[in-house]
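> Would you be able to build a 3D model of this:
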Amino acid sequence: MLFDMETLDAAGRYKILTATVTPRPIAWVTTVSEDGVVNAAPYSFFNVLGHEPPTLALGLLAGQGRFKDTATNILATGEFVVNLVSEANAAAMNVTCIDAPPEIDELRLAGLTAAPSHAVRPPRIKESPVSFECRTLTSLVTGPRQTAVIGRIVRAHVDDAVIQDKERCHIDTPALQLIGRMHGSGWYARCSDLFQMDRPSWAEWQRNGHPPGGAG
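Sure, this is the predicted structure:
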């Protein structure tokens with residue numbers, strides 16, 4: 001089935017993207033408005049982009065007739081924190097999805113703790129196992145009130161309980177019990193069904209007598 005993404009309506013495009021690009025990691029973003037109001041909201045159009053420098057990207061969808069509070073705050077201040085979501089925090093994260101007015105502190109609403117950051121003004125979520133303090137490198141309005149933000153990670157907080165070797169930066173990833181966003185309304189995935197494959201090398205590929213490939 002071929003879908004013309006240039007002529008399909010917005011709801012159809014959204015369904016195709018969210019039903020196929022899965023699981024998606026969740027950025028539980030905390031920001032502060034110019035008036036000092038803390039905002040927290042989860043976004044699953046999110047991933048890391050590189051490590052030199054460490055960067056990540058957020059896709060911030062449009063609100064009802066305006067930028068969402070997260071986009072408004074990031075565009076105004078240039079700072080934000082991306083907190084990752086563990087299964088233990090799923091219910092609290094879901095509370096922060098609420099369509100509350102801008103003056104409402106979603107962290108307080110969800111019974112979460114705002115912990116001070118080290119290098120940026122927005123707080124991190126204390127209950128989150130991983131938090132990245134970020135400063136905006138660039139942003140781009142990609143549609144009506146839809147924004148892409150690339151941020152540089154300036155500090156990373158990781159729960160002591162999952163650190164295996166601090167000097168070598170080894171982390172017990174399964175112990176984080178992170179969840180991801182799936183298809184449809186309200187569907188999430190656990191990161192518990194894992195498998196491993198070794199990356200092949202060209203020398204080994206040739207030693208094992210595999211065909212070279214290339215243009216036919």
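> Only alpha carbons, please: show the helix of greatest length in the chain as PDB.
What stands out as the longest helix in the chain, according to DSSP state H, is helix 10-20. C-alpha atoms of helix 10-20 as PDB (Å, rounded to 0.1, in the frame of the first residue of the first chain):
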ATOM      1  CA  ALA A  10      -2.700  15.200   9.300                       C
ATOM      2  CA  ALA A  11      -4.500  12.500  11.300                       C
ATOM      3  CA  GLY A  12      -3.600   9.800   8.700                       C
ATOM      4  CA  ARG A  13       0.100  10.900   8.600                       C
ATOM      5  CA  TYR A  14       0.200  10.800  12.400                       C
ATOM      6  CA  LYS A  15      -1.300   7.300  12.500                       C
ATOM      7  CA  ILE A  16       1.200   5.900  10.000                       C
ATOM      8  CA  LEU A  17       4.200   7.400  11.700                       C
ATOM      9  CA  THR A  18       3.200   6.300  15.300                       C
ATOM     10  CA  ALA A  19       2.100   2.900  14.200                       C
ATOM     11  CA  THR A  20       5.300   2.100  12.400                       C
END
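> Could I get the buried residue list for that helix?
Using 16 or more other Cβ atoms under 10 Å as the burial criterion, the residues of helix 10-20 that qualify are Thr18. For the C-beta atoms, the positions are set from N, CA and C on the backbone; glycine is no exception.
> Could you pull up the mean pLDDT of that helix?
Mean pLDDT, helix 10-20: 95.
> what sits up against it?
Helix 10-20 has contacts (Cβ atoms under 8 Å, 6 or more residues apart in numbering) with Phe3, Met5, Leu8, Arg24, Ser44, Arg181, His183, Gly184.
> what does stretch 207-216 contact?
Gln206.
> what is the mean pLDDT for it?
75.
> could you dump it to CSV, C-alpha only?
Only the C-alpha atoms of stretch 207-216 are listed here, as CSV (Å, rounded to 0.1, in the frame of the first residue of the first chain):
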residue,chain,number,x,y,z
ARG,A,207,37.0,-15.4,5.5
ASN,A,208,33.6,-17.2,5.8
GLY,A,209,33.2,-17.3,2.0
HIS,A,210,30.2,-15.0,1.7
PRO,A,211,29.6,-13.4,-1.8
PRO,A,212,31.1,-9.9,-2.1
GLY,A,213,27.9,-8.2,-3.2
GLY,A,214,28.2,-4.9,-5.0
ALA,A,215,26.8,-3.8,-8.3
GLY,A,216,25.3,-6.7,-10.4
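> how close does the residue most central in space within the chain sit to Ile179?
For the chain, Ala27 is the residue whose C-alpha lies nearest the centre (Cα atoms, centre = their mean; 2.7 Å). Applying Cβ to Cβ, to the nearest Å, the value for Ala27 to Ile179 is 12 Å.
> before we move on, what about Met93?
Met93 is 8 Å from Ile179, by Cβ to Cβ.
> And the helices in this protein, which stretches?
Under DSSP H, the chain gives helices at 10-20, 69-77, 90-95, 106-109, 173-176, 202-207.
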